[in-house]
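Sequence and predicted structure below; questions after.
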Amino acid sequence: MDRPHAFGSSAPFSLGVEEELFLVDPVTGVQIGASRAVLDRLGPVVGQVERELHACQVELITEVCATADEAVSGLRALRAAVTATGAGLLGAGMHPAAPEGAAEITDKERYEHIRHLLADAVADPTGGLHVHVGMPDAETAIKAFNSLRRRLPLLQALGANSPFRHGRDTGLASAREVTMRGWPRSGVPRAMRDFEDFCTTTALLCRAADVEDYTWFWWKLRPHPRLGTVEIRALDAQTSLGDLAGLVALTHCLARHAATAPAEPDPVPELLDEAAFRAARFGVHAELPGVDGHRRPVAALLEEVLAEVRPQARELGCEDELDSVRRLLEHGGGAGRQRAAHAIGGLGALLRDAVARTSGRTA
């Protein structure tokens, strides 16, 4: 049965990036519920700035891009446009210091319905980095989706950037991952046989969950027929645009590789879940289980992946950005940076550093 979709409507393996950032006082980094005021004062932008589920966040959305460098340049300009309104921005998986339940829900019908469906599960806002890769057809989209599932724990470990929540160190590298586990339809779905299987499965789940369509699924990875992409949603929002560039390049290359590479053994769901938690717990220092259950360090897995996707990096014009992802290991990723700033001057220093890095005042 033919299903409507937008696969093939843009250049194959084009790129789009979305980031959910916290609005904060530009001096202190304290969370503020100012999304409506920010959009009212926002000047013309290339791309989009949208209100998010919580009034203390905005989502920055690039145009369709060809390369990671182009996408990051677009996000840099969008960040500058938001800060020009007078608000500060903080990029992280969770605001490090905001009290539990302090964020207001944005006054939009969709968001009110999410609060009705999820109740206290959405008490605390989370910040994600979402990478869209355009797919030439539905068959390729499902192939890439299936293959990318096993790469999500590595991406989560590298992108872990939320060790603090409610003003204290959680001991996790990504408190966002643990928070999101309280949401329904937020894990990693099973591999799909084909596009028809995806359509049938999502229709069944929509009926069960009393939601309109698959955009109400907060899966870490999903085909996005409406946009013609595969969307990778597993990463925490990033503070540094340098860190973001490396992660976007790696994700772009992995998606391009997954679309054409021979199929590999599919991890059982229990292993993927264990690997995801270990990525959230230990970040770049994690040891992640493979399909045989044996654990290997993130550093070793990353080197293998970098070698594997080198041809795709040359094709996509992102070799420099891809190589920069190794720097995440050097400073402990976003979680390591937050802890280093906190060690110097507590939460105040952490917040000031995060605001400076998000605005580009600090590299």
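Now that the structure is in, tell me what you want to look at.

switch to C-alpha atoms for all contacts and neighbour counts from now on
OK.

same question for the helix or strand harbouring Ala77, mean pLDDT?
Assessed by DSSP states H and E, Ala77 sits inside helix 68-83. Mean pLDDT, helix 68-83: 98.

Need the contact partners of it.
For helix 68-83, contacts defined as C-alpha atoms under 8 Å, 6 or more residues apart in numbering pick out 15-17, 38, 42-43, 45-49, 60-63, 65, 88-89, 241, 244-245, 248-249, 252, 318, 321, 358-359.

then that helix to CSV, C-alphas only?
Extracted C-alpha coordinates of helix 68-83, given in CSV (Å, rounded to 0.1, in the frame of the first residue of the first chain):
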residue,chain,number,x,y,z
ALA,A,68,27.5,20.3,9.4
ASP,A,69,29.4,23.6,9.1
GLU,A,70,26.5,25.3,7.4
ALA,A,71,24.1,24.0,10.0
VAL,A,72,26.2,25.2,12.9
SER,A,73,26.7,28.6,11.3
GLY,A,74,22.9,28.8,11.1
LEU,A,75,22.5,28.0,14.8
ARG,A,76,25.2,30.5,15.7
ALA,A,77,23.2,33.2,14.0
LEU,A,78,20.0,32.1,15.6
ARG,A,79,21.6,32.1,19.0
ALA,A,80,22.8,35.7,18.4
ALA,A,81,19.4,36.8,17.3
VAL,A,82,17.8,35.5,20.5
THR,A,83,20.4,37.1,22.8
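
so how far is it off the chain centroid?
The chain centroid and the centroid of helix 68-83 are separated by 16 Å, computed with C-alpha atoms, centre = their mean, to the nearest Å.

Could you check how far the following helix or strand past it is from the centre of its chain?
Downstream of helix 68-83, the next assigned helix or strand under DSSP H and E is strand 88-90. Chain-centre distance of strand 88-90: 17 Å, with C-alpha atoms, centre = their mean.

Same question for stretch 239-247.
Worked out by C-alpha atoms, centre = their mean, stretch 239-247 lies 12 Å from the chain centre.

Going by neighbour count, which residues of that stretch are buried?
Across stretch 239-247, burial judged by 16 or more other C-alpha atoms under 10 Å covers 239-247.

will you turn the residues you listed into TSV that also has secondary structure, pLDDT and distance to Gly74?
As requested, the buried residues of stretch 239-247 are exported to TSV (DSSP: H, G, I helix; E, B strand; the rest coil; pLDDT from 0 to 100; distance: C-alpha to C-alpha, whole Å):
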residue	secondary structure	pLDDT	distance to Gly74
Thr239	coil	98	15
Ser240	coil	97	14
Leu241	helix	97	11
Gly242	helix	97	13
Asp243	helix	97	15
Leu244	helix	98	12
Ala245	helix	98	11
Gly246	helix	98	15
Leu247	helix	98	15
